[in-house]
Every structure is written in C-alpha cells, then in structure tokens.
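J.: Give me coordinates for this.
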Amino acid sequence: MAAVAAKVTLTVADVVDHTNYIAKSRASIEALKSANLLKSVAINALIMGERGVGKSTLAQHIVTAPVVDATAFNELLALIETNSSIIIKNFHKITNYKKLKIALDVHKTRIIATSSSSISEAFIDEFFSLKITLPPLSERPEDIMPLMEKFSREAQEMFDSQNDDFSLDEIRPDLTQNCYSLRRSVYNAFLMNSFGEDEILSMLERFLYHRIGGRNDYRDLLYLFDVPMIKSGYTKYGSQLAISEKFGLNRNTLRKKINDNKDKLTIE
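T.: Below is the predicted model:
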C-alpha cells in the first residue's frame, strides 16, 4: 500500500513550547526552584502574576495534566473526577469555591492553579500549600533576550523560514503585555524583515483603503511615507544634513516635514 504524505499546517499552539520555562533573572530562578520542588511533592500550588508573565508555562513545567479555564466550571468538575492532577487557569474566576473544594476532597485531585488577579488569603490557605508570584517582565530584564531568542525560533518554525538577515538587536521589545506583546513584537519584526516590495505595497494599499474618504486624504496620510523615511534616514545617516543630501531634499523642506510630524517622530 502506497504511503500518502499528509500536508501539516502548523498553528501557534503546535509550535509554542509551553514546557520550556526560561529562568535567567533572580525572580525566575527562584520560581523555577519552587516548581522543581513541586515536581516531587504532590501538593496544590497557586501561581500569581500579570497576564503573560509565564504562569501557564511554569504550571506545565510542574505537571503534565489537562488544562482548564475556571470559567468552564462544569468541564472543570468533570476533569477532577477523571484525573489525578489538573491545571486551572484564572482561578480567581471560580464561581463556586465550596463545590470545587468538595470535588477535590472526594476525588483527591491535585491542582496547580494560575491567577492574574488577587484572591482572598482565606481561599488561598484553604486550597493551596504553596504560592509562587511571578513579577512582570519589566522587572526581569535578564529574561527578555532569552525569551526573544525562543520566540525567534518559534517564528522560524511557524513560517518555515530561516530569515538569515533577521536580527533581534534591531527590535524594541514591547513589554506592555509581558510575553504576549514581546512574542508579537518578535513575530512582527520577523515577518516584516522577510517582506518584499510587493508585500509592503499590498499591505499599505489595504491599510489606506479603510482610511480614505475625506477631502484631504493625500495630505493627511502622507506621513505614512515621510515618518518611516525620516526615521530610517536618521538611523542610517545620523544627521539632517546627511539626510537632505542623500534624499535630494532641500534642508528647509526636510525641517518642515520633521516639524509637521514631530508628534510621530522620536528624534530631536
């Protein structure tokens, strides 16, 4: 019987490694030490921290178990009945703590839970023997570059491209949503680095299509060309004089463009 080659389409869930917890900062190392202890001690633990700080990754480092969101309460109860361990996301959204406690006591199910919001200390003491708190990435600078390297490898696998000219040093890390925004900034930079002229023109066309419709569209939207052009000029040439010479622009014209777009330019 002839073998049939199936085409595999990768999704983010396929590529993202949730078990490889990166720990370079002091806070992450301490959290990892606690997690490694929990691998050998079967107690309930709560992992606290903002969205995107690595709570789910750390939880899955501790135990291989089904993951369920606290908002799916009936599914949560069903998993408690059939599993010795489970991971509960968004534990602060539990709707019936009493019913949950009864189910856990009856079935002797271990839980590793995560939460991005505060929980009553009384509930924490009732359900958990250990609490781990993960600080935001802005307080863990040593973790940022290793995470970016991890996300870059994910992007290479996701988009089936080595993108040899791609450099992480050129990325301004976005930490507003911790790992979520950091991963997005790496993926975006990876994709943009691979774009050719046709892709850029097509993207700009789609962008403009949804924004045109006024009487002064050309003038009002010209900044979409001027701003990146001036920024790249400063990065490459370093001064207004050099930019005006390389661009073939009168210095007064260049100054006017810079002044007109000063709210969108992060240069002097």
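
J.: Surely I47 forms part of a strand?
T.: Yes - counting by DSSP: H, G, I helix; E, B strand; the rest coil, I47 is part of a strand.

J.: beta partners of it?
T.: T114, I132 (DSSP bridges).

J.: Pull the contacting residues for it.
T.: Residues near I47 by Cβ atoms under 8 Å, 6 or more residues apart in numbering: A31, K55, L58, A59, I112, A113, T114, S115, K131, I132, T133, L134. Just so you know, the C-beta spots here come from the backbone N, C-alpha and C atoms, and that holds for glycine as well.

J.: Validate this expectation: the fourth one resides in a strand.
T.: No - inclusion of A59 in a strand is not indicated when three-state DSSP is applied; the result is helix.

J.: so how far is L46 from it?
T.: 10 Å (Cβ to Cβ, to the nearest Å).

J.: between those two, what contacts are shared?
T.: A113, T114.

J.: quick one on the thing from earlier: I'd like the contacts of I47 as a markdown table, with neighbour count appended.
T.: Shown next, in a markdown table, are the contacts of I47 (neighbours: other Cβ atoms under 10 Å):
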| residue | neighbour count |
| --- | --- |
| A31 | 25 |
| K55 | 28 |
| L58 | 26 |
| A59 | 26 |
| I112 | 29 |
| A113 | 25 |
| T114 | 27 |
| S115 | 21 |
| K131 | 16 |
| I132 | 23 |
| T133 | 14 |
| L134 | 23 |
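
J.: Excluding chain neighbours, what is closest to the residue most central in space within the chain?
T.: In the chain, the centroid-proximal residue (Cα atoms, centre = their mean) is Y180; its distance is 1.7 Å. Using Cβ to Cβ, 6 or more residues apart in numbering and skipping the chain neighbours, the partner closest in space to Y180 is G52 (4.1 Å).

J.: what about the one you found, which SS state?
T.: Under three-state DSSP, G52 comes out as coil.

J.: Now do the buried residues in stretch 242-256.
T.: Neighbour counts over stretch 242-256 (16 or more other Cβ atoms under 10 Å) mark I243, S244, L249, L254 as buried.

J.: Angles on the backbone of I212, please.
T.: Phi and psi for I212, reported as degrees, to the nearest 10, are phi -80, psi 160.
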